[in-house]
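Q: dropping a prediction and its sequence here:
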Amino acid sequence: MDNLRFIRETMERAGPFTVVSGWGEIVIGITALAAAGLASQLGGPRAWLAIWLGEAALSLVISGGAMLRKARAANKPLLSGPGRKFALSFLPPMCVGVILTVALYRAALVGSMPGTWLLLYGTGVITGGSFSVRIVPVMGLCFMLAGTVALFCPGAWGNYFMAAGFGGLHIVFGTIIARRYGG
């Protein structure tokens with residue numbers, strides 16, 4: 001029995017992280033589009049930043065809950081083997097994003113935040129996605145491309161890039177993940 005347990009645990013650690021929820025990504029995309037709409041109506045960088053930070057927190061809750069639900073349905077542990085590797089690879093770019101957000105805000109460079117966030121989120125998705133199904137790193141690459149373009153466009157276009165990236169890309173790739181990888 002110990003040998004069978006060891007073999008099973010070894011296979012779990014070696015397999016891909018398959019509990020990325022396509023439906024969760026779609027919901028995140030919808031809430032990001034709503035945040036973009038709200039942020040475009042309010043004036044000032046402080047309100048814009050508050051809306052998008054709130055959206056980031058909401059998306060974390062949605063994503064975590066959707067992955068937990070998918071993991072339970074598949075009877076797979078969320079944070080063992082590939083799940084832990086995914087989380088540990090995704091977390092450093094997100095921490096850098098927090099640090100740079102504070103620095104950019106203090107330097108009154110709010111217009112650079114959308115490109116920075118899209119680039120760092122894409123980096124996290126690529127690094128974490130290397131332990132997941134193939135479409136996840138492709139999604140990360142698309143976020144990085146959107147972030148790169150955003151950094152070289154006028155800062156006033158930032159909200160459009162946020163809507164296209166965090167809204168549109170999540171909906172498109174969430175749909176692909178839901179169809180191909182079971183929710």
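A: Sure thing, it's come through. Numbering: from 1, shown residues only.
Q: the closest residue to residue 105 other than its chain neighbours - how many residues pack around it?
A: Of all residues not flanking residue 105 in the chain, residue 49 sits nearest, at 6.5 Å (C-beta to C-beta, 6 or more residues apart in numbering). Heads up, the C-betas are built off the backbone N, CA and C, glycines and all. Residue 49 has 16 neighbouring residues, counting by other C-beta atoms under 10 Å.
Q: which SS class is residue 49?
A: helix (DSSP: H, G, I helix; E, B strand; the rest coil).
Q: separation between it and residue 32?
A: To residue 32, residue 49 is 15 Å away according to C-beta to C-beta, to the nearest Å.
Q: what ranges in this protein fall below the confidence cut-off?
A: Applying pLDDT under 70 to the chain picks out residues 1-19, 77-79.
Q: distance check, the residue nearest to residue 105 against residue 153.
A: Relative to residue 153, residue 49 is positioned 19 Å away (criterion: C-beta to C-beta).
Q: how far does the helix or strand hosting residue 69 sit from the chain's center?
A: Using DSSP states H and E, residue 69 sits within helix 45-73. The chain centroid and the centroid of helix 45-73 are separated by 9 Å, computed with C-alpha atoms, centre = their mean, to the nearest Å.
Q: check which residues of that helix are buried.
A: Buried residues in helix 45-73, defined by neighbour count with 16 or more other C-beta atoms under 10 Å: 48-49, 51-52, 55-56, 58-59, 62-63, 66-67, 69-71.
Q: same thing with stretch 21-35?
A: Neighbour-count burial for stretch 21-35, with 16+ other C-beta under 10 Å as criterion, is recorded at 21-29, 31-33, 35.
Q: please, where are all the helices along the protein?
A: Per DSSP state H, the chain carries helices over the ranges 2-14, 22-41, 45-73, 82-106, 113-129, 135-151, 158-162, 170-181.
Q: returning to what we had before: list just the nearest of the buried residues of stretch 21-35 to residue 80.
A: Nearest to residue 80 among these is residue 21, at 17.6 Å by C-beta to C-beta.
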